[in-house]
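**Student:** Starting from these lines, generate the structure:
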Amino acid sequence: MIENPDLNLLVYNALSFGTAVMLGAFVYFLTQISSVAKKYRSSIAASAVVVGIAGYHYYRIWSGWSNGEVNEGYRYADWLITVPLLIVELLIVLGTSAERRKSLMLTLVPATALMVGLGYPGEVSTDNGTKWLFWVLAMIPFAYILMVLVKELKEVKARENAMVAGLITNATRILLITWCVYPITYLFPVFFDYPHDGAEAARQLGYTIADITAKAGYGLAVLAIAKARSASEPS
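**Tutor:** Model prediction:
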């Protein structure tokens, strides 16, 4: 917990904002499911599920913070469910064949679960050596996921029209760039002598900003792809 009252309030307000954004996005995505072609509706439904689950966990984190409690288990429970769904969202709108999409899901979804699962022991440890060990282990599936998505993005650019390819590029960039924030934020307790009010505030703010962008912002990008595809394909 943070002893500095100004930093403590800053994190409290950020967590409150994160809760509001996730729950607001949940309602919005529900209203948009019927605005896209039937075959893309599961992607928008997945977006709604992602921010709905995140909204619940952010409420729990926010409530705990107001009582002086920090439970990172809520974040990891959230990520364990929502991070694989983020991959599923993208694969549905990429326009790959059903067989290729199934193959990617069978490799990428377990990789995301492994990445999150390996990160947790280091997150809750107070030993820097343990943090580094699990950071390195978690980065292995992380790097694999990034390489696969970059490869798929190149193939999309080669077969799609400029507008759809541009939207898919934007969505993938949002995902990849924000995902790179997490491993940096993870190491703040290592970079500073812990406990450190500034490091803890930066960690909480970094995770919150990344979550909002990677879930609500990314969901909007996926919705734009689904709408563009729906408009360009016969109903």
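**Student:** what number of residues lie near the spatially closest residue to residue 213 that is not a sequence neighbour?
**Tutor:** Distances taken as Cβ to Cβ, 6 or more residues apart in numbering put residue 178 closest to residue 213, at 4.6 Å, once the chain neighbours are dropped. Backbone N, C-alpha and C define where each C-beta goes, glycine included. Here the number of neighbours of residue 178 (other Cβ atoms under 10 Å) works out to 19.
**Student:** what does residue 2 give?
**Tutor:** The tally of other residues near residue 2 (other Cβ under 10 Å) stands at 22.
**Student:** Mind pulling up the pLDDT for residue 202?
**Tutor:** pLDDT, residue 202: 90.
**Student:** contacts for the helix or strand the residue nearest to residue 213 falls within?
**Tutor:** Using DSSP states H and E, residue 178 sits in helix 162-186. The list of residues contacting helix 162-186 from outside it, by Cβ atoms under 8 Å, 6 or more residues apart in numbering, reads 86, 90, 93-95, 119, 122-123, 131, 135, 138-139, 142, 146, 149-150, 153, 156-157, 160, 202-203, 206-207, 209-210, 213-214, 217-218, 221-222, 224-225, 228-229, 232.
**Student:** buried stuff in the lengthiest helix in the chain?
**Tutor:** With DSSP state H applied, the helix covering the greatest number of residues in the chain is identified as helix 128-159. For helix 128-159, the neighbour count (16 or more other Cβ atoms under 10 Å) marks 131, 134-135, 137-139, 141-142, 144-145, 149, 152-153, 156 as buried.
**Student:** how about the residues you listed in CSV, adding pLDDT and distance to residue 73?
**Tutor:** Supplementary listing: the buried residues of helix 128-159 in CSV, determined by pLDDT from 0 to 100; distance: Cβ to Cβ, whole Å:
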residue, pLDDT, distance to residue 73
131, 93, 16
134, 96, 15
135, 96, 18
137, 97, 19
138, 96, 16
139, 96, 21
141, 95, 20
142, 93, 20
144, 95, 25
145, 92, 23
149, 85, 28
152, 82, 32
153, 79, 33
156, 75, 36
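**Student:** What distance do you get for the residue nearest to residue 213 to residue 42?
**Tutor:** The gap separating residue 178 from residue 42 is 23 Å, by Cβ to Cβ, to the nearest Å.
**Student:** what does residue 140 give?
**Tutor:** 30 Å.
**Student:** any low-confidence regions in the chain?
**Tutor:** When residues are selected by pLDDT under 70, those of the chain lie in 1, 193-195, 234-235.
**Student:** What segments of it are helices?
**Tutor:** Per DSSP H, the chain has helices spanning 5-32, 41-66, 73-93, 98-124, 128-159, 162-186, 188-191, 197-211, 218-232. These are given in chain order.
**Student:** so what's residue 43 up against?
**Tutor:** The contact partners of residue 43, by Cβ under 8 Å, 6+ apart, come to 36, 88, 89, 92, 93, 222, 226.
**Student:** swap the cut-off to 10 Å and go again
**Tutor:** Residue 43 is in contact with 29, 33, 36, 85, 88-94, 219, 222-223, 225-226, 229, counting by Cβ atoms under 10 Å, 6 or more residues apart in numbering.
**Student:** try residue 139
**Tutor:** Shown in contact with residue 139 (Cβ under 10 Å, 6+ apart): 115, 118, 119, 146, 183, 186.
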